[in-house]
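Trainee: 3D, please:
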Amino acid sequence: IRIIHSNEMKVDNSSLTGESEELLRVPQATHDNVLETANMAFFGTKCTFGNGSGIVVLTGNRTIIGQIAHLAQTAQSEETTMSREIKRFIKIISIVAIVLGVIFFIFGLIYDYGLITDIVFCIGIIVANVPEGLLATVTVSLALTAKKMAEKNVLVKNMESVETLGSTSCICSDKTGTLTQNIMTVSHMWIEGKSYDCSLSMQEYEEMKKKVEKEGGDVTALQEPDYSMEIPCFKDMINYVCTSTKAFFDENPTDEDVKNKIAKKLGKKAKDLNANEIENNRAKVTAELIEEESKKPFQKKKTVGDASESGLIKFVSSLVNLEEVRKQFPLNQTAAGLTEIPFNSVNKYNLMVRKVCDAQGNFVRFNLMMKGAPERIWRRCSHVRIGTGPNGEIETQEKNEFWENQFEEINKTYGEEGERVLAFSLIQLDPQQFPEDFPFDTQAEEPNFPMWDLTFCGLVSLNDPPREGVDNSVEICREAGIKVIMVTGDQPVTARAIACKCNIITDPDMEYHAILEREKCSKEEALSKCKAIVIHGDKLARKNNKEQMKNDDDPDKGAYLKRWLKIPEVVFARTTPSQKLLIVNGCQQTGHIVAVTGDGVNDSPAIKKANIGIAMGSGADVARDAADMLLLDDNFTSIVNGVEEGRLIFDNLKKSIAYTLSSNIPEIAPFLFFITFQLPLPLSTVLILCID
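Mentor: Numbers count the residues shown, from 1 in each chain. Prediction:
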């Protein structure tokens, strides 16, 4: 749909791009790429905020999701390594058996045994050479390995793919949910000029502490968080976060959750439940689900609100009671409604006016809280918080060059680490000028309250952290000769930062763009020097379009991609489904056995094209249908476990086939002795068939 009118319309394109981020829709075209431009909405995606209208410009197979479906249908699945090897083995065995049969037939004619006897000998020799137990041996070996892999959270759909996973030399992995946790988490806070590492929440630390104590370990060896509620500025910052956000925890289950739980209890499928069964069990099951949700750690609880605010409240809830803090500083309400300005794309901030009361509940003053994009908030501030006075009052200092440099440096640092940064500020309104019944007007073009000369409180950065053990798993792959390529829909800066954290890029200084910027050399020289490269999907598309006119057998076709893939560490950013298909094809052309992971509709063409497609257990049905294997825990580490099992099976199969072939020797030997030494034949052809 081509948007012609929009009222703060936001969409979630994760079903197409794999990245669950709210994107604003506006009537103006912002990019040449149809997936990137802000004036297009797509079939199969969700409108999460606001509203809009537009003109339908494409339907059916011509839509983006239709094109993805076409790619998935037309992508040719590669023959498995095992299938190729077994076909080759059968050809060799067949040739040996037929050649031996013909030789014995000729010898029989020479010795004049009679035509019928010679034909029987020929058939007997051919039958004796055929390893009839091969099919059963291979099937049992694969089934046993598949069972072991299921215990390691890898569910095998295609038996032959077990061995293919062991032969894998390249893994093209999706980022969100596979390498990372797909949960926005507070990473750092910058308050009064000091940066605090908040990657470990207090609840997670307490759980680790309990576990170590239970196992009889040394608790003092655990690294404590470098923040504490004993630090006045940090305590105040937590309160600012609570009172500047609107997201909240929602323990109530959805109808789908209730139906699935009832179906599980009754041993049925959810679609087979009748109305009486649902109504009779609804109340009890709902109560059980609410109790289960309440016992979950904050990081795993369901929330209502955008991803960033959800990440903020999950962190602060392990330190304070979120609802109690918000009750202590209630949001002001007038006849016109709540005194707030929601976040929008133009202002890039949200504003709330909250009441401050004394212990007896008497009105003291209003606090105006503002949260948003760092540059926008910083520009509206005239002072910076530098400390807390003896009576708990905020001590401030006027903004100067020192604070300007500090702010720019820390904001850049957090940004380069691929983190989403939010700034917090406030102004304590004078109760003489703004009494309890003051009529705040948030709808006016010029509001009747101050929105400049605020006090800057600090920065909070959030990121989608890597899964535990991913960096070690990537290193194990590297040592085992497996290349790990990250393919993501994220921006290059974020992709590079996550790749560094996941150990896919080991030395950021040797990345192509870093060398270009640092040494000011030519692109060709930087490409020859670099050990890692981050490639934008648009660049891949442009290069591919230039080569469309070349013949498929032209050795220069795809040379640019092959050269990129020869670099030890490769990351592809802002990729589309067709580009993912190009990447997989390029890897296969360079001789790699390729495994592809994914969870969305956009990943299905590449999953099908790969030598082995791996889908997330929680992924889209389309991706799961196209895959050969499912990762039940959505964890990259499980792939490494699967590769280990896959490599074992190759050795086991070689031994099994050798054992199967060894039984053919005593079957062939009597015929050899009968023809060569004229000994009586102890086994007839019929007896050999009985033995087999």
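
Trainee: following element in sequence after the lengthiest helix in the chain, please.
Mentor: Determined from DSSP state H, the single longest helix within the chain is helix 81-110. Sequence order places helix 115-129 as the next helix or strand after helix 81-110, per DSSP states H and E.

Trainee: list of residues touching the following helix or strand past that next one?
Mentor: Using DSSP H and E, the helix or strand that follows helix 115-129 in sequence is helix 134-151. With contact meaning Cβ atoms under 8 Å, 6 or more residues apart in numbering, helix 134-151 is reached by 82, 86, 155-156, 159-160, 162-163, 641-642, 645-646, 648-649, 652-653, 656-657, 659-660. All C-beta atoms are positioned from the backbone trio N, CA, C, and that covers glycine.

Trainee: ok, now with 6 Å
Mentor: With contacts defined as Cβ atoms under 6 Å, 6 or more residues apart in numbering, helix 134-151 is touched by 156, 159, 162, 642, 645, 649, 652-653, 656, 660.

Trainee: with stretch 311-325 instead?
Mentor: Stretch 311-325 is contacted by residues 184-186, 201-203, 229, 238-239, 241-242, 245, 247, 298-299, 462 when judged by Cβ under 6 Å, 6+ apart.

Trainee: so which of the contacts of helix 134-151 comes closest to Phe329?
Mentor: Minimum distance to Phe329 across those is 51.2 Å, recorded for Gly642 (Cβ to Cβ).

Trainee: and the closest one, how many neighbours?
Mentor: When neighbours are counted by other Cβ atoms under 10 Å, Gly642 registers 27.

Trainee: dump the residue contacts of it.
Mentor: 149, 154, 165.

Trainee: would you agree it falls within a helix?
Mentor: Yes: counting by DSSP: H, G, I helix; E, B strand; the rest coil, Gly642 is part of a helix.

Trainee: which non-adjacent residue is nearest it?
Mentor: Distances taken as Cβ to Cβ, 6 or more residues apart in numbering put Val154 closest to Gly642, at 4.4 Å, once the chain neighbours are dropped.

Trainee: for the closest residue to Glu644 other than its chain neighbours, what are its contacts?
Mentor: Leaving aside its chain neighbours, Glu644 sits nearest to Gly166 (8.0 Å; criterion: Cβ to Cβ, 6+ apart). Applying Cβ under 6 Å, 6+ apart to Gly166 gives the contacts 646-647, 650.

Trainee: that older thread, can you redo the contacts of Gly642 as JSON lines with distance to Pro492, neighbour count and pLDDT?
Mentor: What follows is the contacts of Gly642, written out as JSON lines (distance: Cβ to Cβ, whole Å; neighbours: other Cβ atoms under 10 Å; pLDDT from 0 to 100):
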{"residue": "Met149", "distance to Pro492": "35", "neighbour count": "22", "pLDDT": "88"}
{"residue": "Val154", "distance to Pro492": "31", "neighbour count": "26", "pLDDT": "89"}
{"residue": "Leu165", "distance to Pro492": "30", "neighbour count": "29", "pLDDT": "86"}
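
Trainee: hang on, the earlier thing: give me the buried positions along the longest helix of the chain.
Mentor: Within helix 81-110, the residues scored as buried using 16 or more other Cβ atoms under 10 Å are 81-82, 85-86, 93, 97, 100-101, 104-105, 108.

Trainee: repeat that for stretch 479-494.
Mentor: 482-490, 492, 494.

Trainee: after the helix or strand where the residue nearest to Glu644 lies, heading C-terminal, what element do we hit next?
Mentor: If you go by DSSP H and E, Gly166 is part of helix 161-167. Downstream of helix 161-167, the next assigned helix or strand under DSSP H and E is strand 170-174.

Trainee: sheet partners, orientation included, of that next one?
Mentor: strand 483-487 (parallel), strand 594-598 (parallel) (DSSP bridges).

Trainee: can I assume the residue nearest to Gly642 is in contact with Ser638?
Mentor: Yes: checked against Cβ atoms under 6 Å, the pair Val154 and Ser638 is within contact range at 5.3 Å.

Trainee: related to what we said a few turns ago, most neighbours, which of the contacts of Gly166?
Mentor: Neighbour counts for these peak at Gly646, which has 24 neighbours (criterion: other Cβ under 10 Å).

Trainee: quick check: closest non-adjacent residue to it.
Mentor: Gly166 (2.5 Å).

Trainee: Glu375 too?
Mentor: In space, Glu375 is closest to Asn411, 7.8 Å off (Cβ to Cβ, 6+ apart).

Trainee: kindly report the same for Val285.
Mentor: In space, and not counting its chain neighbours, Val285 is closest to Lys261: 4.8 Å by Cβ to Cβ, 6+ apart.

Trainee: and whichever strand or helix holds the one you found, what does it pack onto?
Mentor: Using DSSP H and E, the element containing Lys261 is helix 255-266. In terms of contacts (3 or more Cβ pairs under 6 Å, 6 or more residues apart in numbering; DSSP states H and E), helix 255-266 is packed against helix 275-295.

Trainee: now what about the very next helix or strand once past the helix it packs on, what contacts it?
Mentor: Moving toward the C-terminus from helix 275-295, the next helix or strand (DSSP H and E) is strand 303-304. Contact partners of strand 303-304, identified using Cβ under 6 Å, 6+ apart, comprise 247-250, 310.

Trainee: could you export the helix or strand just after strand 303-304 as CSV, CA atoms only?
Mentor: Downstream of strand 303-304, the next assigned helix or strand under DSSP H and E is helix 307-316. C-alpha atoms of helix 307-316 as CSV (Å, rounded to 0.1, in the frame of the first residue of the first chain):
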residue,chain,number,x,y,z
ALA,A,307,10.5,-2.6,23.3
SER,A,308,12.7,0.1,24.9
GLU,A,309,10.4,1.0,27.8
SER,A,310,9.8,-2.8,28.4
GLY,A,311,13.6,-3.2,28.7
LEU,A,312,13.8,-0.3,31.2
ILE,A,313,11.0,-1.5,33.5
LYS,A,314,12.4,-5.0,33.6
PHE,A,315,15.7,-3.7,34.8
VAL,A,316,14.3,-1.2,37.4
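
Trainee: for this protein, what are the low-confidence residue spans?
Mentor: 18-21, 75-78, 345, 392, 552-553, 555, 684-685, 688-689, 692 (pLDDT under 70).

Trainee: distance of the residue nearest the centre of it from Asp490?
Mentor: Central residue of the chain (Cα atoms, centre = their mean): Thr176, 2.3 Å from the mean position. For Thr176, the distance to Asp490 equals 8 Å [Cβ to Cβ, to the nearest Å].

Trainee: ditto for Ile98
Mentor: Ile98 is 58 Å from Asp490, by Cβ to Cβ.

Trainee: check contacts around Cys502.
Mentor: Counting by Cβ under 6 Å, 6+ apart, Cys502 touches 179, 466, 470-471, 474.

Trainee: these in helices, which ones?
Mentor: Among the contacts of Cys502, DSSP H puts 470-471, 474 in helices.

Trainee: ok, back up a step: could you check the angle helix 115-129 makes with the longest helix of the chain?
Mentor: 150 degrees (axes from the mean of the first three to the mean of the last three Cα atoms, to 10 degrees).

Trainee: Ala29 contacts Thr37, correct?
Mentor: Yes: under the criterion of Cβ under 6 Å, Ala29 makes contact with Thr37 at 5.2 Å.

Trainee: okay, helices next: where are they in the stretch 301-450 of the chain?
Mentor: 307-316, 322-328, 374-380, 401-416 (DSSP state H, counting those that start in this stretch).

Trainee: okay, these in JSON lines with distance to Cys521 and mean neighbour count next?
Mentor: Output for the helices of the stretch 301-450 of the chain, formatted as JSON lines (distance: least, Cβ to Cβ, whole Å; neighbours: other Cβ atoms under 10 Å):
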{"stretch": "helix 307-316", "distance to Cys521": "39", "mean neighbour count": "23"}
{"stretch": "helix 322-328", "distance to Cys521": "52", "mean neighbour count": "15"}
{"stretch": "helix 374-380", "distance to Cys521": "32", "mean neighbour count": "17"}
{"stretch": "helix 401-416", "distance to Cys521": "21", "mean neighbour count": "15"}
